[in-house]
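S.K.: using only what follows, build the 3D model:
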Amino acid sequence: MTEFRHSFKNVCSVIVMSTEDSSVQAVRTRVIFHGHVQGVGFRYTVRGIAKKFPLVGYVRNLADGTVELETEGAIEAVRFFLDDIRELFEQNIESCEESDIPVICKEDDFTIHH
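M.R.: This is a model prediction of the structure:
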């Protein structure tokens, strides 16, 4: 797994990646996960995975049985994070809708919304 070094108050600052020492601007991605993703510890596990990366955002259950996730950080960190989720929950996730959305720059952590 890639290690990330960062020193910033929010991810809108430039993030230095230890893999190639290149600078990357922040991006924000929204994902809706479909399948057996509620009642299986999905949100709590996702929050734990997020702590391994310089990311902010949230995860929450939706009324239709899906789970919504928004995350913000370096594009590589976001990709690795989402790959880890898909790998860990491959038996639960039937499909997902992913879209890039505007960076917010107002969060300090990755949280579970209720």
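S.K.: Ile41 and Leu69, how far apart?
M.R.: No, residue 41 isn't Ile; it's Gly. Separation of Gly41 from Leu69 (CB to CB, to the nearest Å) stands at 14 Å. Backbone N, C-alpha and C define where each C-beta goes, glycine included.
S.K.: just want the most central residue of this structure.
M.R.: Thr71 (4.0 Å; CA atoms, centre = their mean).
S.K.: that one belongs to a helix, doesn't it?
M.R.: No: going by DSSP: H, G, I helix; E, B strand; the rest coil, the assignment for Thr71 is strand, not a helix.
S.K.: is it correct that it is in contact with Thr29?
M.R.: Yes: contact criterion CB atoms under 8 Å: Thr71 and Thr29 qualify, at 5.7 Å.
S.K.: what touches both of those two?
M.R.: Common neighbours of Thr71 and Thr29, counting by CB atoms under 8 Å, 6 or more residues apart in numbering, are 78, 82.
S.K.: longest helix in this structure, please.
M.R.: helix 75-88 (DSSP state H).
S.K.: where does the prediction get shaky in the chain?
M.R.: Filtered on pLDDT under 70, the chain yields the residue ranges 1-24.
S.K.: so where do the helices sit in it?
M.R.: Using DSSP H, helices in the chain cover 42-50, 75-88.
S.K.: which of those helices sits closest to Ser95?
M.R.: helix 75-88 (10.8 Å; CB to CB).
S.K.: quick one: that closest one to helix 42-50, angle?
M.R.: Using axes from the mean of the first three to the mean of the last three CA atoms, to 10 degrees, the direction of helix 75-88 lies 140 degrees away from that of helix 42-50.
S.K.: helices or strands up against helix 75-88?
M.R.: Identification of packing neighbours for helix 75-88 by 3 or more CB pairs under 8 Å, 6 or more residues apart in numbering; DSSP states H and E yields strand 26-35, helix 42-50, strand 67-74, strand 93-101.
S.K.: got the buried residues for the third one?
M.R.: Neighbour counts over strand 67-74 (16 or more other CB atoms under 10 Å) mark 67, 69-74 as buried.
S.K.: got those as a markdown table, with distance to Lys51 columns?
M.R.: What follows is the buried residues of strand 67-74, written out as a markdown table (distance: CB to CB, whole Å):
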| residue | distance to Lys51 |
| --- | --- |
| Val67 | 18 |
| Leu69 | 14 |
| Glu70 | 16 |
| Thr71 | 12 |
| Glu72 | 15 |
| Gly73 | 12 |
| Ala74 | 16 |
